[in-house]
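Visitor: A structural model of the following input is requested.
(2 chains, ligands or ions: 1)
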Amino acid sequence: MSESRTFRLQRAMASLILDDEPEDIGAPAERLGLPAGDPQAFRDQPEAMDLYRELARLSLTEPLETTFPVLKALLEGAEVWEDCAQAFLSARVVRSTHYRDIAPSFLGWLVDTGWGQDRWPFLAELAHAELLEVLVARFPEADLRQDLHDEPGPGDVVWLDPGTQVVAYAHAVHRATEAAPVPEARPTHLLAFRDEEGEARVLELTAATATLLVQARTRPLAESAAALGLSDPAPALALLRDLRRQGAVLGFRAPH
Amino acid sequence: MAQGRSPGSFQGVGLGLRRAHLDEVAAREDHGVPFWETCPENLIGDGGRHHRLASAILDRDPVLTHGLAISLGGFDPWDGDYLRELDRFLVRAGTPWHSEHLCFTGVDGSCLHELLPLPFTHEAARHTIARARDLQARLPVPLLLENITYYAHLGEPEMDEAAFIAEVLEGADVGWLLDVNNVYVNALNFGFDPKAWLTRMPLDRVAQIHIAGHKKFGSITVDTHGADVIDPVIELMQWTLARLGRPAPVLLERDNHIPDFGDLLAERARIQAAYDAALAPAKTEAAPAEVVRV
Ligand SMILES: [Fe+2]
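Guide: Predicted coordinates:
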């Protein structure tokens, strides 16, 4: 069944859309061993086939252009954006039927293949930072928890909102812009979360605060602070109270 | 919850629920839109503010569901997790049916996110019938299939589009989501008469109608869902409704160049007036020229 004519015709169409533009529009169908009338049908409808190629490629690349404008500006500046998009399409890594998963699949492809990262070692970080706010904004809501309180105690652990992300980059990718898309190389810690209005927000953290936030998810606050050499936990507690008010932290509870 | 609305309670002209309008739709219950159409792929597994607003609207108002990327005529296995979620979604939405496109959208596990035409062959029809029957068996509500716009024949055809669609609808024994704009656009691109085409079709299977705007690119007219509906398409909708002689729900699709909510409501009201005129028995005799008598 998988070698049926219908299946091979669909494969030929996919090739025409995703692969490098063939010199002969009938070539993909011919390669698949379809009867002569089929490659001929492709050749007889060049304008329509071009239109399909254009429409379908646009469907797949439009989410990249809107999600990764800085990355696109960087690659366009080097005249390789088209190459990047072509390599991504040829790899056929969009496996999800959810349209919103196209941009994350691009990031996954970038990380897996290392595309362009000889020249731009920060490329995957940049893409991650551009996607971060989108992912945080639409992260599925958590069920309400009854076991959390609002005031952090020294023996408590921190319970982050499930959409909250603490990320570490080797470059200040969050400061890159379309006009200046090359980020400074310096260790960068970010907290991305959803505020009460549901908008994504990004705060830059010190390395110590970022580590505290990660550690205190499983280890009591006082212990986490001491391990980091923070003699006075008061500023950290004040920050955590503030993050709870803003929505990044859901609350605090005694460890199990 | 909107559970278990009967098919007959869906009448008139509804709208697609669009992100840009969620705040306004959620805020005003008096929007006058008889029902919404929504795409489960865009809501299942999503979260955040827009998702919350959309879910609240769908719990409050009548809704029809319309899938985009299941690849009905394709060869990839169904995504079992998605089908389980879809089942829950359809039941919660209370939709009387669920529609998918008569096309393929993926090959070899890769999703193309484009409605691509099936070959008009007996083999493709048999395959699509088997897939539709299999999908129907997994859904909690009746399945409708929608005729798409196509710009090219995929391979050498053995029949024309009308014969292919009729063969699939009859063979799969499913309902039809008749997109009159797609018929009109295909008629322009392939040079046939849309009414003669419709006359050959199993209109008794029509459960829902789509109407939309389109645009010409080069020598090909494309189903963009990005412009106002032109009069000949409205007239084709009226002709179809008059032939059906029953108030099948019409859905106005608008996915690009989305106007302000107020303007979209005005466009909906214009099409609703044409809908009412087409179905008013007393008016049929005295109807203006553009309302065709049965
Ligand atoms: Fe449609």
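
Visitor: and the residue minimising distance to the centre of chain B, what are its bridge partners?
Guide: What sits nearest the mean C-alpha location of chain B, by C-alpha atoms, centre = their mean, is B:His210, with 4.6 Å. B:His210 has these beta-bridge partners by DSSP bridges: B:Asp179, B:Leu251.

Visitor: these two touch, right, it and B:Val183?
Guide: No. In this structure B:His210 lies outside contact range of B:Val183 using C-beta atoms under 8 Å: 9.9 Å. Backbone N, C-alpha and C define where each C-beta goes, glycine included.

Visitor: List the buried residues for the longest helix belonging to chain B?
Guide: Longest helix of chain B, by residue count under DSSP state H: helix B:261-279. Within helix B:261-279, the residues that qualify as buried are B:Phe261, B:Leu264, B:Leu265, B:Glu267, B:Arg268, B:Ile271, B:Gln272, B:Ala274, B:Tyr275, B:Ala277, B:Ala278, B:Leu279, counting by 16 or more other C-beta atoms under 10 Å in any protein chain shown.

Visitor: wait, which of those is closest to the ion?
Guide: Proximity of the buried residues of helix B:261-279 to the ion (C-beta to the ion) peaks at B:Ile271, which lies at 14.2 Å.

Visitor: Which residue, other than its chain neighbours, is closest to that closest one?
Guide: Distances taken as C-beta to C-beta, 6 or more residues apart in numbering or on different chains place B:Val13 nearest to B:Ile271, at 4.9 Å, with adjacent residues excluded.

Visitor: Name the residues of the stretch 51-200 of chain B found near the ion, please.
Guide: Residues of the stretch 51-200 of chain B lying near the ion by C-beta under 5 Å from the ion: B:Asp179.

Visitor: Pull the contacting residues for the residue of the stretch 51-200 of chain B found nearest the ion.
Guide: Taking C-beta to the ion as the measure, the stretch 51-200 of chain B has B:Asp179 as its residue closest to the ion, at 3.9 Å. Applying C-beta atoms under 8 Å, 6 or more residues apart in numbering or on different chains, we find B:Asp179 in contact with B:Glu146, B:Asn147, B:Ile148, B:Thr149, B:Ile209, B:His210, B:Ile211, B:Ala212.

Visitor: Quickly note the distance from the fourth one to B:Leu169.
Guide: What it means is B:Thr149. 17 Å (C-beta to C-beta, to the nearest Å).

Visitor: Same check on the second one?
Guide: Taken as C-beta to C-beta, the spacing of B:Asn147 relative to B:Leu169 amounts to 9 Å.

Visitor: which one of the two has more residues nearby?
Guide: Between B:Asn147 and B:Leu169, B:Asn147 has the larger neighbour count (other C-beta atoms under 10 Å in any protein chain shown), namely 25 against 22.

Visitor: is it true that that one touches B:Glu100?
Guide: No. Judged on C-beta under 8 Å, B:Asn147 makes no contact with B:Glu100 at a distance of 11.7 Å.

Visitor: Can you get me a residue count around the residue of chain A at minimum distance from chain B?
Guide: In chain A, the residue that lies nearest chain B is A:Gly198 (3.0 Å; C-beta to the nearest C-beta). For A:Gly198, the count of nearby residues is 18 (other C-beta under 10 Å).

Visitor: how many neighbours does the nearest residue in space to it that is not next to it in sequence have?
Guide: Once flanking residues are discounted, A:Gly198 sits nearest to B:Arg49: 3.0 Å by C-beta to C-beta, 6+ apart. Residues near B:Arg49, counting by other C-beta under 10 Å, number 16.

Visitor: before we move on, the earlier item: dump the contacts of B:Asp179 into JSON lines; add pLDDT and distance to A:Asp101 as well.
Guide: What follows is the contacts of B:Asp179, written out as JSON lines (pLDDT from 0 to 100; distance: C-beta to C-beta, whole Å):
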{"residue": "B:Glu146", "pLDDT": "98", "distance to A:Asp101": "23"}
{"residue": "B:Asn147", "pLDDT": "98", "distance to A:Asp101": "28"}
{"residue": "B:Ile148", "pLDDT": "97", "distance to A:Asp101": "23"}
{"residue": "B:Thr149", "pLDDT": "96", "distance to A:Asp101": "25"}
{"residue": "B:Ile209", "pLDDT": "98", "distance to A:Asp101": "31"}
{"residue": "B:His210", "pLDDT": "97", "distance to A:Asp101": "26"}
{"residue": "B:Ile211", "pLDDT": "96", "distance to A:Asp101": "30"}
{"residue": "B:Ala212", "pLDDT": "92", "distance to A:Asp101": "26"}
